[in-house]
Each structure stands twice: as structure tokens, then as C-alpha cells.
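S.K.: Model the structure of this input:
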Amino acid sequence: MFSLNKKMFLAISSQRLFSRSSILSVYKHRISSISSHSNNKRHRSSSHSHRVNSNRPNNQTDTLRRLFQPIDIKPMVATEKLNSSTSKDFDANIGQELTGGKTLDRNALLRIITDFYRRDEIKKLASDQGLDIRLFQDAYVSFRKFCIQSTVLPVDLHIVLSDIISGSGHATDIFPYFLRHAREMFPHLTCMDDLKKISDLRDPANWYPDARAIQRKVIFHAGPTNSGKTYHALQRYMNSESGVYCGPLKLLASEVFYKTNAAGTKCDLVTGEERRYADPEGKPANHVACTVEMTNLTTLYDVAVIDEIQMMRDPQRGWAWTRALLGIQAKEIHLCGESSTIRLIQELMITTGDEVEIREYKRLTKLNYQERALETFDNVKPGDCFVCFSKNDIFHITRELERRGHEVAVIYGSLPPGTKLLQAQRFNDPNDSCKIMVATDAIGMGLNLSIKRIIFYSLMKPQLNEQGEKEKDTVTTSQALQIAGRAGRFASAFPDGEVTTFRRDDLLLLKDIVSRQVETIKRAGLHPTAEQIEMFAYHLPKHSLSSLIDIFVLLSQLDDSVFFMCNVEDVKFLADIIEHVPLPLRARYTFSCAPINKKMPFVCTIFLKYARQFSRSEPTTFDWLAKQINWPFEIPNTIMDLVHLEEVFDCLDLYLWLSFRFADMFPDKELVRGIQAELDQIIHAGVQNIVKLIHRTNRIEDAKDIAVTTEKTVEVVAAINEETKVIDGAKSNAPQIRSIIGLEEELDVDTTNRTPVQETKTEKQAQSLTMSTRKVLHSYLNALKTQAETRGHEFNETEDLIKQLISKGLLSQRSVDKLEKQLATFNDNDKTSSKNRETTKTFTGHGTYKKGKRK
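M.R.: I've put the predicted structure just below:
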């Protein structure tokens, strides 16, 4: 007799079987129709299939297969449940009981499933359901394993298999249950249509219904640098009842903020890291100056200004300009940018139904391309600005100029905004003795500079393509014109500008580049939103954020003639860093969109620590942060110190960026802003003395043992040993120190004083110094520790140094073994000549320090 619960279960199972019978009959009909026509239409079906597949890019299909990883479905095992009424255990194999209590023969199951797999009509049906050959095969293997290894099968599947084994069914009857299994393995099969709808980007203008509800007038101020186009747009902005300025840089937004308030119009400042109100009590003003990513699309303005509109083509940030242009709610929108964008703006405004007016401008002052290159640093004159595209070139030029007695202002991209402004002020100040500037293309926008002559030190610039890959190529015509246009400025000390190159060979190439027609900008960037990614995650809950973004990009549909998908590699990179950190999807996506440079290891490390603190619901306080960044700061002594401080500044920027998105978890933004201002001044002081930093760096580099796997390690240590022999006046019996394989950091050794660099900072030793093997090996470890600390690693002084180095991947166990072996050899040879030495550190058999007196 069945229990009541089991009877109810049988009733429900019967209903499910009846409901599935109709589905099974449908598939039977389709299978029979395919089978009946398979012979006389085999050739036609094959050719038709080829035409369909040819329309779908193979690389996209292969990538989707790789992204849609199957979910492992484990076999069902009979679970023993306790019946509360009888207190007895029983196995609930209802399918077996409904089929007379007989178990399914394993060999018969294998024969049936294999026959099912080999049928062409089954493969055709599977293809119609989205299962290509690879997915079909994977699903078959999993389904076969499931059926064979399960001790309890689903009731409906058990009955169908039993009927087929007894001869009252057909192998093709399995298909509905196989398809159910395949959809569990590949969830995207049931929601592919929904995913394609979510990622449909063919009509982005309709994403902003509020903007479409008003009649907007778009006025495009098109012209080159120093043509007055931005000035006219800002005049209209300042004289309006309400307005928003959208700029590409914090520097430009800050400049508009100060100018607008100085003109008597209250204006607020909004950037990713800062909110500043004109009103002391924090009341919002009618005018806002912001970075373009922070544009508010929910507020109605009279006038909006979108600066550098040609940035819509930028592979990384272009989406922000497209979003602002299509979604901003303003009766009058003023665009400022290159003439090459006119055609694209007109096409986009057709989709929005907005009126477009074009106002073209010409340069206000003359710009002369010289006939001679500079060729030597002796030919520089006040008002010159060298433009190069690498920090090494900046350091080299600065050193050569200061060697000739010139004071130099330095500007490059990774410097803090405050330092850039201070350097620009030095250069612009007629009473300052600094009259030469060395800069990267960071001067192309965002700074007002009194430059007389632009000198291109090089024309080769690393370029980022739409795939985010860096390629070194000559500057584009647009870039060359943007940079060259910085020479000469209306109403400045140098109204007319000059342009030349440093090398003679580059001069003709520069003239050829600027004479070309600027390439017309044809497409604007788009980017997935947080809401779209959340909807993807709802359908694909097992996928990582990086995988969701990849799938979105691959499935996205957009009008290639007008739009392109912006590069998302930086977002994916950050998403992968914090993939193992438990975070809600929205928070994970927000963290992954943080504007940091992924090539700065220390910044990425702090980024990960921020995410971990957030996941533990522990507020990231100022005290916690101060320990991570070693506050208070010190004046940099070398270029590496300066670079590290620049990374620390970015860490503080990241804190402020997160504080405006998670205020409760990053509560000390005012304190952080205070030490950031302090750090800005310290970095500026370092840049002021950049040549001294270069000289110090060179002296240290000259005294370093470069990686111990190279020949230089042997040469440096041999030289040290040779000098030691001369000082002691006797030959040493100790063997030469061999290179130690496995150490990947550098050794700091001051060959002039014959003391380790780290030790010379704390004490001065006598000139007569015995360079013992212990001190050389000890210097290796201290050098590793010092280099690691500059890159963000922390060490506990109470714990063993070697163990900490190994755990951080800075030292290998193989290296420790060789160190121990060599030190043992050195100690044996040293016993006869060293009887009264001080307490020394020796290595134990486990690779740790052990203090003790030598015998």
C-alpha cells in the first residue's frame, strides 16, 4: 500500500505525464516529417544549411561557444527519507513502481541512447533549438552519463525509457527530455531571444524619452584650436537662466567653474571625485560644470555646452559624449569641436528630430610651420615647448636643458591636476625664470599656455585601437593639429605661433601629416549600462561579470554605419581582479567601472583591498588608508619615488570616486582630500627638482646588481670582492659569489663606499671595510624587501623575512637552498680568519634567520 504522500505524488506525476504527451506528439510529428523527406531533400537541406551558416560569422559563433560554458548536471541518487508516521526509511523511485517495479537494463539504455544520438532527424531538431554540433555532442555525453549513473530518474523519463525497452516506444521519443537536459546545461538556450533584445543597441536615441519629449536646438561651434569657438559657447552658457558644461577633463571643468563664478554667475562643480558648491550652505546652483561622464540627464537646463565633441570617436570614453548628446535635457545645446564631426552630428540629429545649426570658426592668430628643425638643445629660446610621447624622453630632454642652464616646466598625463596647473603657472608667469616647457600630448586640451613654439621631439605615438590594443604609429592629422595649435594664443604674450621638429628627418613628415585632410568622424561610441548587465545576469546567473560583458558585446546589434562598441577591456580587467570577492552585481559593476590605470600595480592592489573591505561591510576609514599608503609622505628622492607618489595620488582619487557612490563605506572623504592636496604639493616639489631625482636615480642604478640571473650580478660582486682584497691587503680564501637563480628583484649596492644602499641611510661606516659574504647575502634580502615595499607590499618585522618574501612570490625556495649552500661554504672557509666577530645572522635548515655567535 502506498502512503498518502506517495499517492499524491503519483497523481501529480500522472498529470505531468499527460501534459507532456501533447509535447511528445508534436515532436513525433516533426520527426516523422523530417524523416519522410530526408532522402529526396537531402541535397537541398544541405545547401540551405550552408547558406544559413555562411551568414553568421564563424569567429563570433566560436567565441559564444567558449563563453557559454556548460553547467555540470549531476546524476540523481535515491535519497533515503524518514517517514514521520512509521519511522521507517524508504526509497522514493516512483518511476520504477509505475512500470511494474522493474529496473532499467543498463545495456539496453546505452543502445537506445546511442541510437538516438546517431539519427539525423534528431540532430536537425536539436539545431532548430539552438544546439549546434558541439553543443549537441556535449549535451549527449552529459545526458548519457545522467541516465546511466542515476539510481533514480525523473518519473516521465523513466516511463518513456521503459516503454522503448519493452518495444512500445521509439528512440526518438527521448528528444523532449534530452532537450530539457540540454537547456539545464546551457541556460542561454531558453533565453537567447531575450538576451538579443536586451543587447539591441540599434536605436539609442529612444533610450532617452525625456530628451525626445522636448524640442532641442543644437548649435555646433566647429573650428581649430584657438579659434574662439569655446569662448562663444561659454558666453551663452554664463548668460542663461540655467546651464551645464560638460568637459573632457577635471581641469577644464574646474576652469569653467572658476570663470563662471568670477563672472558673477553661481556655478557648482561636479566630477567623479569631487562635489563643490558655489553656495556656502550647499544649495545647488542653476549652473553646473562637470566632466562629461557625470552629466545629469534628469535635470532640465536652458543651455548645455558639450566640449570636444569629436571625442565621440574615442575607443574608451566615446560613449560618454554620445550619451550626453542624445540624452541631455536642454532647450539649447552648444557643441564645440573639430569640423570633421559635422557630418556625424547631422546624422545623429536626424534620429532625434532636433534642429541643427553649424557655426564655423577660423584660427584667430597666425601659425607658422618653420622650414628648419631645431636639431640641438642649444637653439632653444623662451616660449618653447617640447612635445614627446614617453616619460623617458621627458627626463632626457629636461636633463639636457637644465644642463644648459634653463629652468624647465614639466607636464605629463599621470601628474595630479594641481601639479599641472602649478607647472603651467610657472611657465606662463612673465616674472618667473622658467621659460621652457617639456610635455606630452597632455597639453593638447585642458591648459591655457603661453607657448611661442611647439617642437615635436618625436612623431611616433602609442595609439589605442578599437580593440584596446596599443600600436606605435605616427601621430594622426587630428592629433598633430591639436598639439600644434597650442602654439600662439590670442591676447597672450605670444599671439602668433610656430611649429617645428627636433630632428631634421621629421620636419617633412610633420608637414605631410598636417597637410592631409582630417579624417571624417563617422561613428560614435556606445557602452553597456549597469541595467543591461543586470538583466543579463538575471538570465545567466552562473556567469561572471567579465563573461556577461563579453556575451553582451558579442550579441549586441548596432548600426555599424553610425555607432561602434567602445572597448570594455579595462572594465573586464578590473572585474577579473575582484571576481573572487563576494559583491552584489551592481556594486561589482560600479567597482569595475572605476577610472584607474590598470598598468599601475600599486593602484590595482589598493583597488582590490577597497573591494575586500566593502565585501566585509567594513568602512574604509582614513586610519586604515593611512597605513596602506604610508602616510605621512616624504619628499621623493628618486624618479621611482616620484612615480610611486603619483600612484598613491591615484589611490586617493579612487577613494574619493568610490566615496560618492558608497558614502557609508568610504566615509572620510574630507580627510582624504586634505592629504591629497598635501601630496599634490609634494609631487610638485619633486617635479621642480626632477633633474636631481634623475641624477640620484642614475647613481643608484649604476651601483645596482641587475637581476641575479644575468651576468652583471657576477661582475658587480666580483668587483666588490676585488676591492675588499685590496683594502685588506691579503687574498681571501672565500670563493666568488655565484649568481643565484630565482631572485627576480634588484640589489642596491653602493660601490663608491662599498656599503649597502639601505645601510648608508642610517650610518656611515669606516672607509676600511671588510665586505663579508654575510653582508652581501644580507643585502640581497634587504634589497628585495625595499623594492617590494615601494610596490605596495607590507612586511611584519617580528616575522621571518625569508618566509614573507617566499609567500609574496619575490623569492623562491630554490633560491633559499642555494643561499644556504653558499653560505655554508663561505662559513667553512671563513672560520680560520674570523674568531672575534660580532653576533651574526645565519640561515637555519628551514630557510629562516637564527641569531647566534660563531664558534
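
S.K.: Distance-wise, check residue 250 relative to residue 229.
M.R.: Applying C-beta to C-beta, to the nearest Å, the value for residue 250 to residue 229 is 21 Å. Quick note: C-beta positions are derived from backbone N, CA and C, even for glycine.

S.K.: Give the residue from the two that has the larger number of neighbours.
M.R.: Between residue 250 and residue 229, residue 229 has the larger neighbour count (other C-beta atoms under 10 Å), namely 24 against 20.

S.K.: correct me, but the more buried one touches residue 334?
M.R.: No. When contacts are counted by C-beta atoms under 8 Å, residue 229 is not listed as touching residue 334 (9.2 Å).

S.K.: shared neighbours, the two?
M.R.: Taking C-beta atoms under 8 Å, 6 or more residues apart in numbering as the contact rule, residue 229 and residue 334 both touch residue 221.

S.K.: can you pull the contacts of the nearest residue to residue 571 once chain neighbours are set aside?
M.R.: Spatial nearest neighbour of residue 571, chain neighbours left out: residue 592 (4.9 Å); criterion: C-beta to C-beta, 6 or more residues apart in numbering. Shown in contact with residue 592 (C-beta under 8 Å, 6+ apart): 545, 571, 572, 574, 575, 578.

S.K.: pretty sure the fifth one contacts residue 550?
M.R.: In other words, residue 575. No. If you go by C-beta under 8 Å, residue 575 and residue 550 don't touch, sitting 10.3 Å apart.

S.K.: between the two, who's got more neighbours?
M.R.: The residue with more neighbours, out of residue 575 and residue 550, is residue 575; 21 against 18, by other C-beta under 10 Å.

S.K.: okay, the more buried one: pLDDT?
M.R.: pLDDT recorded at residue 575 is 93.

S.K.: For it, which three-state class applies?
M.R.: helix (DSSP: H, G, I helix; E, B strand; the rest coil).

S.K.: how close does it sit to residue 552?
M.R.: Distance from residue 575 to residue 552, by C-beta to C-beta: 12 Å.

S.K.: mind checking pLDDT for the closest residue in space to residue 504 that isn't next to it in sequence?
M.R.: Distances taken as C-beta to C-beta, 6+ apart place residue 373 nearest to residue 504, at 4.4 Å, with adjacent residues excluded. Looking at residue 373, its pLDDT stands at 92.

S.K.: Helix, strand, or coil at residue 373?
M.R.: Classification of residue 373 by three-state DSSP places it in coil.

S.K.: Quick one: the strands in the stretch 101-250 of the chain, in order.
M.R.: For the stretch 101-250 of the chain, the strands defined by DSSP state E, counting those that start in this stretch occupy 217-222, 243-247.

S.K.: Please identify the most buried of those.
M.R.: strand 243-247 (a mean of 28; mean count of other C-beta atoms under 10 Å).

S.K.: which helices and strands does it pack with?
M.R.: Applying 3 or more C-beta pairs under 8 Å, 6 or more residues apart in numbering; DSSP states H and E, we find strand 243-247 packed against helix 229-238, helix 250-262, strand 287-291, strand 300-306.

S.K.: Using PDB, write out every CA atom in it.
M.R.: Written as PDB, here are the backbone C-alpha positions of strand 243-247 (Å, rounded to 0.1, in the frame of the first residue of the first chain):
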ATOM      1  CA  GLY A 243      23.100  75.600 -17.800                       C
ATOM      2  CA  VAL A 244      25.500  72.700 -17.700                       C
ATOM      3  CA  TYR A 245      29.000  72.500 -19.100                       C
ATOM      4  CA  CYS A 246      30.300  69.000 -20.000                       C
ATOM      5  CA  GLY A 247      34.100  68.800 -20.400                       C
END
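
S.K.: can you give me the offset of that strand from its chain's centre?
M.R.: Computed by C-alpha atoms, centre = their mean, to the nearest Å, the chain-centroid distance of strand 243-247 equals 27 Å.

S.K.: Quick check: neighbours of it in the sheet, parallel or antiparallel?
M.R.: The strands beside strand 243-247 in its sheet (DSSP bridges) come out as strand 287-291 (parallel), strand 300-306 (parallel).

S.K.: Go ahead and name everything in contact with it.
M.R.: Identification of contacts with strand 243-247 by C-beta under 8 Å, 6+ apart yields 234, 237, 253, 256, 260, 286-292, 295-296, 299, 301-308, 324, 328, 330.

S.K.: what's the closest non-adjacent residue to the most centrally placed residue in the chain?
M.R.: Taking C-alpha atoms, centre = their mean, the centroid of the chain lies closest to residue 570, which sits 2.4 Å from it. Nearest residue to residue 570 in three dimensions, chain neighbours excluded: residue 598, at 5.9 Å (C-beta to C-beta, 6+ apart).
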